[in-house]
Each structure stands twice: as C-alpha cells, then as structure tokens.
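Visitor: Predicted model and sequence follow; I will ask about them next.
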Amino acid sequence: KATVSVLNWHQPPLSALCMCRDPDGTGGAVLLVKGVPTTATTGDVERLISAVPLMNSSGLMAPPVSLAVAVLPRRRLAFVQMETAEVAAAVAAACRRGAPQLEVCGERCTVEVRRSHKAGITPSVAPPEEEAPGRVLLVVLAELRDLIQLSEVFWIFAQFGRVEKLSSFVRHQKNQVLVEFATRAEADAAMGYLNGRFVRFGLQDAASQCRFSIVPSKRPHLTFKHQNKQNRDYEVQNALLAGEAALLDAVPPAEAAAAAALPHAPLAQRLALLRRLVPGRFFHGPKAFVWGQDTTGGRGVLVPPQEPAAYGTIPSGVRTGLPPGRVGHCVHVSNIGAAAAGDVWRVLAVYGEVVAARLLWKAAGCALVQFADTRGAEAAVALHRGAAGWRVQQSSNPNAMHWSGARTELDARMVTAASAPPPPVHPDRPAAAPSGRVVLWSPQGLPLRAAGAFHRALTQDVGVAVSAPPTECVDREGRVEYEVCLSGAAGACVAVAARMNGAAAAAFPAVAEVARGVRLGVAFTCSPGCLFSP
C-alpha cells in the first residue's frame with residue numbers, strides 16, 4: 001500500500017494558522033487538491049490534510065478532520081469535504097504558505113491545495129484487495145504446435161502461487177490464456193520467470209511445446225457463468241491443496257484416517273494423499289514445485305528448468321520481461337515523424353530512467369515510453385513542451401510492454417532496458433527543458449581535443465548552426481565537459497540528444513576519434529549561467 005508523509009513543511013506563525021476565512025471570500029467546505037499522483041489513495045489524501053497544523057478555539061493545535069475524500073486519478077485531482085467552510089479556509093491558507101510535498105511509494109511530488117466551489121462530494125470507494133489490478137496475466141501461447149489441456153497450464157503456473165481461475169480463447173489467430181493468481185506478488189513471480197521461455201507439455205517431444213509471451217492484464221479478476229473446456233475455476237482443488245479435508249466426499253472408511261491427517265500433513269505428503277483419495281487424474285499432474293514450495297526434498301526442478309546450481313529453489317530476481325509498471329509511469333509521445341524507437345529512448349532519458357520505448361503499431365508517428373517511476377514521466381510532460389514538434393502527454397497505460405515473440409516485427413519497433421544499455425544520466429544536473437544550450441559529457445571526462453571534434457560533429461553530422469565556439473566546463477568532480485550554444489531552437493537540441501545521448505562514441509566519428517570509445521551523453525542545461533544548481 002502507498003505511504004504518504006509531509007516533507008519540508010515550513011510552518012507559518014500561529015496567528016496565520018488560526019481559524020480564519022479565505023481572504024478571497026470564495027469557496028465552501030470542499031478543498032481541491034491538484035497534482036495528486038495517479039497511484040495515491042483516499043487514505044493518502046486524508047493523511048496529507050490531517051498533517052496541516054491548525055489552532056482550535058481553545059488555542060490548542062489540533063489536526064483538521066476530513067468528512068469525505070474523492071480521488072480522480074486520471075485527472076490527478078482530489079476533493080476533500082471538511083467540517084465547515086472556516087476549517088477549509090484555514091487549511092487552504094496554511095497550504096499556500098507551507099507548500100507541502102507528498103511522498104507516495106517513495107516518490108515525491110508537490111501538490112496544490114485550494115478551496116473548491118463544490119457544495120459537496122461523493123466519497124471514492126476503494127476497491128477491495130482481491131480486486132486490485134495485477135493479479136491477472138495475459139499469456140500468449142506463441143508457436144503452439146499441438147493441443148494442450150488447461151490442467152497442464154494450471155500446474156505450470158501453480159509452481160509460483162495459488163492459481164484461482166483460467167480462461168482460454170483464440171484472438172487474432174493466437175492461442176491465449178488468462179491466468180488469475182491469488183496475489184499480485186505470485187503473478188509477478190510467474191511472469192518474471194516464465195515470460196519468453198519455451199515450455200514442453202506432456203511427453204518431452206517437439207510436437208507439444210510453445211513459448212510463453214506474458215503481459216499483465218488490465219482485468220482485476222476473471223468472471224464467467226459456467227465452467228467448460230475453456231473456463232475453469234480451481235476453488236475446490238485449491239481448498240484440497242490447502243488441506244481442507246471437509247471437501248472430500250465419499251471417502252472410503254479405510255481412508256478415513258488418511259483424510260483426517262490431510263490438514264496437518266506437509267505439502268509433499270498432502271499431494272501423495274490426494275493422488276490416492278481423489279478420483280481422476282488431476283492430482284497426478286503437479287510439478288516438483290507447488291505454490292512456491294519444493295515438494296521433492298531439496299532438488300526440485302522447475303518447468304522449464306532453472307540452472308543446475310539453482311535446483312531446489314525458485315531463482316529470485318529472474319525477470320525476462322519488463323517491470324509491470326503502474327499507471328503514471330508511461331507517457332504518450334506524438335508527432336515524432338520518422339524517428340526510431342531508439343531516438344525516442346535517448347531523448348526522453350534526459351528526464352529520468354527510461355524502461356522502454358515502443359513505436360505504436362496502429363498510430364503512425366506515435367510512441368509509448370515507460371519510466372521507472374512517476375517522477376520521470378511527470379518531468380517529461382512538464383519540461384519537454386513541444387520541443388522538435390514532439391507532444392508528450394500522460395498515458396493511462398501502466399507499461400510499454402508487448403507480447404514478446406507474439407509478433408516478431410514488434411521487436412524492431414521497441415527498445416528496452418534489457419536490449420540496450422541505459423543512456424547515461426548526469427549525476428549533478430537536474431532535468432531541464434530543452435533549450436539552445438547543450439552539454440557534451442562523459443562519466444570519465446573528455447580530452448581537450450574533444451571541443452573541436454564536438455563542433456565539427458554538430459555542424460557537419462547533425463547540420464545545426466553553432467553561434468559560438470564550445471565552452472569548456474568542469475563539473476564538481478573535476479571532469480571536463482563542453483557547453484555549446486546552438487543558434488537553432490530547442491528542436492536542434494533534441495536532435496543532438498537523439499543522436500548522441502546514451503549512444504556509443506562511434507555515432508559521431510569525429511568525436512570517437514578523440515574520445516576513444518567512451519560513452520557520451522548530452523544534457524539539457526537549466527539556464528545559461530547556472531549549470532549545476534540543485
């Protein structure tokens with residue numbers, strides 16, 4: 001769950017915090033909170049408001065009480081119903097002077113609190129934990145060569161957690177399965193290990209194998225009216241695996257003692273008892289791992305197998321796909337023209353850590369970029385400001401993933417942190433809007449001859465005009481850099497970043513000759529005379 005705290009609260013004098021009316025004389029008992037993170041909850045907003053110090057009629061400091069909270073995550077707004085209009089006015093006045101910052105899931109952001117003209121609000125209803133998104137995975141059975149049973153798919157995913165439902169279907173001539181786990185952590189573990197791997201079913205032959213291509217589904221849970229060959233609910237099977245012997249019907253008297261011992265038996269013994277007590281072949285299909293536990297005694301092998309050194313354990317940190325991400329981590333970039341995915345990847349990397357950049361298949365000239373957190377996405381939206389004609393907007397997608405391997409032509413339209421080294425981010429320079437000033441830098445520093453090579457690379461390879469020779473700079477650790485003032489506008493700066501930021505020095509042969517293969521980066525400067533101010 002998200003946690004929130006108020007940071008850097010500059011408390012005004014007590015006289016300014018007393019119960020007073022809004023100086024504008026407008027608004028009622030409802031507060032408007034702007035700039036709320038998309039992942040914030042009603043509890044986060046309540047704790048923010050309760051942290052505002054106010055003085056009651058007795059002269060004592062008391063936190064304000066909010067009666068109702070409504071959160072609009074897509075608009076990044078929240079409304080808070082206070083007890084009276086006077087309390088709302090006092091909170092708004094304190095926030096104007098204090099400027100609190102919100103920290104949600106380790107990410108900070110500044111919010112604006114003002115009075116609203118609404119007479120009342122309808123409080124938001126938080127979804128229950130079992131309906132939280134992230135528990136359902138969409139699995140594409142790429143390169144499937146033969147028919148398989150849903151029970152086989154069940155036991156492969158049950159290696160990592162409790163699988164509650166499966167639903168199979170065919171769409172766009174692709175065999176797909178929706179897998180619902182009990183928790184999001186179990187779904188993440190299964191996706192991290194199975195995504196992109198070849199899986200063999202039944203006998204180890206080439207006729208019954210496929211490759212799992214997995215992405216998180218937007219569905220919070222699976223629902224279907226009837227169970228059939230395509231839709232299965234595993235409530236009874238999971239209850240038996242958990243040791244609920246009361247669900248065993250018509251147990252022979254000779255097996256009554258074994259059924260009574262079922263709830264107290266370890267998982268490995270429980271499976272052996274279930275194979276004998278439950279008719280049918282379902283409990284003859286478990287793998288060595290069930291619900292994340294090794295049932296073989298320490299040398300269990302996953303399906304597909306892990307490295308021999310990891311036998312008996314589920315490798316931690318193994319993730320063949322991209323992080324699932326959250327709503328607020330992605331931005332939609334339009335009007336990019338003929339720019340490649342690598343160009344978008346390198347340009348937006350100056351605003352934060354980029355996880356993936358993907359050219360959209362159905363929307364020409366558009367791309368989806370996933371950042372590691374909301375700060376990078378918010379900086380890109382706020383600072384890019386249409387440079388080079390690109391338009392950057394917040395996206396409602398949680399991530400920029402695609403079905404890995406489902407369409408091989410997508411790989412050429414996507415750059416990820418797994419396929420390319422991340423562009424270097426200058427440790428001393430905060431993100432800034434593109435301007436006519438750029439800085440060429442390297443983690444190792446640059447030789448003196450790089451200034452002339454940088455000048456020639458800009459004028460000849462990029463084709464931009466330089467109004468003045470490169471100026472040598474020295475950062476805080478004594479590394480040499482070069483600042484160039486371009487006579488073009490921000491579009492020229494973006495072109496330079498797309499060509500050089502995060503790329504090998506060989507991208508510019510002239511610079512490569514003097515830089516000798518060091519990684520180069522281009523950073524946008526904050527202002528003409530203040531390069532390293534925090």
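Guide: Cool, the structure landed.

Visitor: low-scoring stretches of the stretch 1-150 of the chain, by residue?
Guide: 1-27, 55-62, 99-108, 124-133 (pLDDT under 70).

Visitor: Mind doing that once more with 90?
Guide: 1-29, 34-78, 82-114, 116-135, 138, 140-150 (pLDDT under 90).

Visitor: swap in the stretch 351-500 of the chain?
Guide: In the predicted model, the stretch 351-500 of the chain carries pLDDT under 90 at residues 351-356, 358, 360-365, 372-376, 378-391, 394-500.

Visitor: Please enumerate the strands of it.
Guide: 354-359, 367-371, 391-394, 414-416, 437-441, 471-474, 480-485 (DSSP state E, counting those that start in this stretch).

Visitor: can you tell which of those strands is closest to residue 113?
Guide: Using Cβ to Cβ as the measure, strand 391-394 is the one of the strands of the stretch 351-500 of the chain that comes nearest residue 113, at 21.0 Å. The way it works is simple: take the backbone N, C-alpha and C, and place the C-beta from them, glycine included.

Visitor: buried residues in that closest one?
Guide: 392, 394 (16 or more other Cβ atoms under 10 Å).

Visitor: Then stretch 361-371?
Guide: In stretch 361-371, counting by 16+ other Cβ under 10 Å, buried: 366-371.

Visitor: in the top helix by length along the chain, what counts as buried?
Guide: Using DSSP state H, we find that the single longest helix of the chain is helix 85-98. Residues 87-95, 98 are the ones in helix 85-98 that count as buried (16+ other Cβ under 10 Å).

Visitor: now, which of the buried residues of stretch 361-371 sits nearest residue 284?
Guide: Looking across the buried residues of stretch 361-371 and measuring by Cβ to Cβ, the closest to residue 284 is residue 370, at 42.0 Å.

Visitor: Reformat the strands of the stretch 351-500 of the chain into a markdown table and put distance to residue 243 next to each item.
Guide: Below are the strands of the stretch 351-500 of the chain laid out as a markdown table (distance: least, Cβ to Cβ, whole Å):
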| stretch | distance to residue 243 |
| --- | --- |
| strand 354-359 | 41 |
| strand 367-371 | 41 |
| strand 391-394 | 47 |
| strand 414-416 | 42 |
| strand 437-441 | 61 |
| strand 471-474 | 68 |
| strand 480-485 | 65 |
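
Visitor: which residue ranges form the helices in the protein?
Guide: Going by DSSP H, the chain shows helices at 14-17, 42-50, 85-98, 150-157, 184-194, 235-241, 256-260, 267-277, 341-348, 374-383, 450-456, 490-500, 509-515.

Visitor: Would you agree residue 51 is in contact with residue 63?
Guide: Yes - counting by Cβ atoms under 8 Å, residue 51 does reach residue 63; the two are 7.1 Å apart.

Visitor: How confident was the prediction at residue 239?
Guide: Residue 239 is assigned a predicted lDDT (pLDDT) of 88.

Visitor: Against residue 263, how distant is it?
Guide: Noted for residue 239: a distance of 11 Å to residue 263, by Cβ to Cβ, to the nearest Å.

Visitor: Between the two, which contacts overlap?
Guide: Counting by Cβ atoms under 8 Å, 6 or more residues apart in numbering, residue 239 and residue 263 have no common neighbour.

Visitor: picking up where we left off before, in TSV, list the helices of the chain along with distance to residue 30.
Guide: Below are the helices of the chain laid out as TSV (distance: least, Cβ to Cβ, whole Å):
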stretch	distance to residue 30
helix 14-17	20
helix 42-50	12
helix 85-98	7
helix 150-157	46
helix 184-194	34
helix 235-241	44
helix 256-260	60
helix 267-277	53
helix 341-348	37
helix 374-383	25
helix 450-456	55
helix 490-500	40
helix 509-515	57
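
Visitor: Nearest to residue 165, out of those?
Guide: If we rank those by Cβ to Cβ, the stretch that ends up nearest is helix 235-241, at 8.6 Å.

Visitor: mind listing what's buried in the closest one?
Guide: For helix 235-241, by 16+ other Cβ under 10 Å, it's 237-238, 240-241.

Visitor: try stretch 271-287
Guide: Buried, per 16+ other Cβ under 10 Å, within stretch 271-287: 271, 273-274, 277-278, 282-283, 286-287.

Visitor: Show me the two of the residues you listed that sit farthest apart.
Guide: 277 and 287 (20.1 Å).

Visitor: Hmm, residue 294 is touching residue 306, no?
Guide: No - look at residue 294 against residue 306 with Cβ under 8 Å: they stay out of range, at 11.4 Å.

Visitor: what do these two both touch?
Guide: The contact lists of residue 294 and residue 306 share residue 313, where a contact means Cβ under 8 Å, 6+ apart.

Visitor: on that earlier part again, now the two most distant members of the buried residues of helix 235-241.
Guide: 238 and 240 (7.3 Å).

Visitor: Which one of the buried residues of stretch 361-371 is nearest to residue 117?
Guide: residue 371 (34.7 Å).

Visitor: Surely the closest one touches residue 326?
Guide: No - with contacts counted by Cβ under 8 Å, residue 371 stays clear of residue 326, the gap being 10.3 Å.

Visitor: can I get the buried residues of stretch 361-371 in CSV with distance to residue 69?
Guide: Output for the buried residues of stretch 361-371, formatted as CSV (distance: Cβ to Cβ, whole Å):
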residue, distance to residue 69
366, 35
367, 35
368, 31
369, 31
370, 29
371, 27
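
Visitor: Check the residues you listed and tell me the two furthest apart.
Guide: Every pair of the buried residues of stretch 361-371 checked by Cβ to Cβ; the farthest is 366 and 371, at 17.0 Å.

Visitor: Give me the contact list for stretch 228-242.
Guide: By Cβ under 8 Å, 6+ apart, the list of residues contacting stretch 228-242 reads 150, 154, 162-169, 224, 227, 247-248, 262, 267, 270-271, 274, 278, 282-283, 290-291.

Visitor: show me the contacts for residue 72.
Guide: 78-79.

Visitor: Just list whatever residues bridge to it.
Guide: residue 77 (DSSP bridges).

Visitor: And it, how far from residue 122?
Guide: In terms of Cβ to Cβ, residue 72 sits 11 Å off from residue 122.

Visitor: now residue 283
Guide: From residue 283 to residue 122 the distance is 49 Å (Cβ to Cβ).

Visitor: Then residue 192?
Guide: Taken as Cβ to Cβ, the span from residue 192 to residue 122 is 39 Å.

Visitor: Can you pick out the residue with more neighbours from these two?
Guide: Remark: of residue 192 and residue 122, residue 192 carries more neighbours, 20 against 9, as counted by other Cβ atoms under 10 Å.

Visitor: Check what contacts stretch 154-171 and list those residues.
Guide: 137, 150, 153, 175-183, 185-187, 189-190, 193-194, 199, 221-222, 224, 230-235, 238, 285-287, 289-292, 302-303, 314.

Visitor: Name the residues of it that come out as buried.
Guide: Result for stretch 154-171 [16+ other Cβ under 10 Å]: buried residues 154-168.

Visitor: Closest to residue 334 out of those residues?
Guide: residue 167 (34.4 Å).

Visitor: Tell me the bridge partners for the closest one.
Guide: residue 178, residue 231.

Visitor: how near is it to residue 239?
Guide: In terms of Cβ to Cβ, residue 167 sits 20 Å off from residue 239.

Visitor: what does residue 72 give?
Guide: Distance from residue 72 to residue 239, by Cβ to Cβ: 40 Å.

Visitor: returning to that earlier point: from the buried residues of helix 235-241, pick the one nearest residue 357.
Guide: residue 238 (39.8 Å).
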